[in-house]
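Enquirer: predicted model and sequence below, questions to follow.
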Amino acid sequence: MEMVDGSGIISLNMFSRPSSPLAPGMFAIVPLLLLALFPPPGKELFVATSANNSALVIRIKALSPTVSVDDAQRVTYCAVTTGKELARKWRVVGVASWLPGLQNLYVKLGWRKGGLCFQYSTELLIRLDALKLQTLEFHWAESQPDTVSENNALVVTARGQPFEKGILLDSWRCQPHVAWTQVTTDPEYHWKENKSAAALALGRANNEIPEKHR
């Protein structure tokens, strides 16, 4: 499972993990390293570290001939800069930056005010929606809801495209950077759309944390 920036491969995502701070696989480094070195066929995961990440811009633009380059660039810029801003705000530092389950634990213990997957997704969705883009739309993605391995992210599609055709934007997994891939080729999570979660997030003020268990 390669992590790729616009300039090329930068690392291996050897520390992928479920989102719960106490999930059994949180420290299972050896099996995850094997997954990183030998990803399932047809699976891929990339990481955008730059707000001008050309690979992500190109993939978003390629969703449809109707997608404008400007919209693809604005989504990329917003996603990356929002992730970095929130990571600073929520003090994601040290080990928690590559093992975000620890950040979840810090939040649950009251040591941090944010850094959970749904918080990243809520804030990013609000900001992307505020751009009022003409050629793209956004969806709420969830994996394994109501379990210790739950994760939430966003999916961007061309207007009118189904969720399954979109590009996943996961601000939690590799915080402060943005993990991304075609939504059906994620090697770690199987994603489904949750329209009610998107409506709930957009119905709240930008600075209000949704009342959810994680």
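Expert: Ah, there it is.

Enquirer: which stretches of this structure form strands?
Expert: Remark: strands assigned in the chain by DSSP state E are 2-5, 8-12, 46-48, 136-143, 151-158, 167-170, 178-182, 192-193.

Enquirer: of all those, which one is nearest residue 110?
Expert: Of all the strands of the chain, strand 151-158 sits nearest to residue 110, with 21.4 Å by Cβ to Cβ. All C-beta atoms are positioned from the backbone trio N, CA, C, and that covers glycine.

Enquirer: buried sites along the closest one?
Expert: By neighbour count on 16 or more other Cβ atoms under 10 Å, the buried set for strand 151-158 is 151, 152, 153, 154, 155, 156, 157, 158.

Enquirer: correct me if wrong: the fourth one contacts residue 172.
Expert: No: taking contacts as Cβ atoms under 8 Å, residue 154 lies outside contact range of residue 172: 10.7 Å.

Enquirer: so for the two, which residues contact both of them?
Expert: Residues touching both residue 154 and residue 172 by Cβ atoms under 8 Å, 6 or more residues apart in numbering: residue 121.

Enquirer: tell me where the chain has helices.
Expert: For the chain, applying DSSP state H gives helices covering 29-37, 54-61, 69-89, 101-108, 117-130, 195-202.

Enquirer: distance to residue 162, mean neighbour count and mean pLDDT for those helices - can I get that in a markdown table?
Expert: Shown next, in a markdown table, are the helices of the chain (distance: least, Cβ to Cβ, whole Å; neighbours: other Cβ atoms under 10 Å; pLDDT from 0 to 100):
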| stretch | distance to residue 162 | mean neighbour count | mean pLDDT |
| --- | --- | --- | --- |
| helix 29-37 | 28 | 14 | 46 |
| helix 54-61 | 16 | 20 | 98 |
| helix 69-89 | 18 | 19 | 97 |
| helix 101-108 | 31 | 20 | 90 |
| helix 117-130 | 18 | 21 | 96 |
| helix 195-202 | 12 | 15 | 94 |
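
Enquirer: for residue 140, which of these is the nearest?
Expert: helix 195-202 (3.8 Å).

Enquirer: now residue 117. Nearest residue, chain neighbours left out?
Expert: Distance criterion Cβ to Cβ, 6 or more residues apart in numbering; nearest residue to residue 117, sequence neighbours excluded, is residue 172 at 3.8 Å.

Enquirer: can you give me phi and psi for the one you found?
Expert: When read as degrees, to the nearest 10, the backbone of residue 172 gives phi -90, psi -40.

Enquirer: near it, how many other residues are there?
Expert: Look at residue 172: counted by other Cβ atoms under 10 Å, it has 25 neighbours.
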